[in-house]
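**Student:** Attaching a predicted model along with its sequence, questions to come.
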Amino acid sequence: MLGNAVEWESKVEYDLLAKASALMAAYFGIIHRTTEWLAQNGLPEEKGRAYLVPLFAGRSEAARKARMSISSR
């Protein structure tokens, strides 16, 4: 899943959502650079990626669920 479609009401909202979307570059950059670092320190790249990708995805899902439970109160 890449995200949900969100209808914006103004150019300001559009610009805010576009800026928030730009954070994905940092997200993928952290995974990439950490995978490189692990490989440089002796862990095979495939193994590092196999660990990091589900780790980050799991934390994202946990944050989504936590937010849902907070907003449903």
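**Tutor:** On my side now, so go ahead. Numbering: from 1, shown residues only.
**Student:** Mind giving me the packing neighbours of the longest helix along the chain?
**Tutor:** For the chain, the helix reaching the highest residue count under DSSP state H is reported as helix 45-71. With contacts defined as 3 or more CB pairs under 8 Å, 6 or more residues apart in numbering; DSSP states H and E, helix 45-71 has these neighbours: helix 23-40. Heads up, the C-betas are built off the backbone N, CA and C, glycines and all.
**Student:** re earlier: how far out from the middle of the chain is the longest helix of the chain?
**Tutor:** Counting by CA atoms, centre = their mean, to the nearest Å, helix 45-71 is centred 8 Å from the centre of its parent chain.
**Student:** average pLDDT across it?
**Tutor:** When pLDDT is averaged over helix 45-71, the result is 85.
**Student:** same thing with stretch 28-41?
**Tutor:** The average pLDDT for stretch 28-41 rounds to 96.
**Student:** May I see the buried residues of it?
**Tutor:** Residues of stretch 28-41 classed as buried under the neighbour-count rule (16 or more other CB atoms under 10 Å) are Ile31, Thr34, Thr35, Leu38.
**Student:** what's the answer for stretch 50-64, then?
**Tutor:** Judged by neighbour count using 16+ other CB under 10 Å, the buried positions of stretch 50-64 are Leu52.
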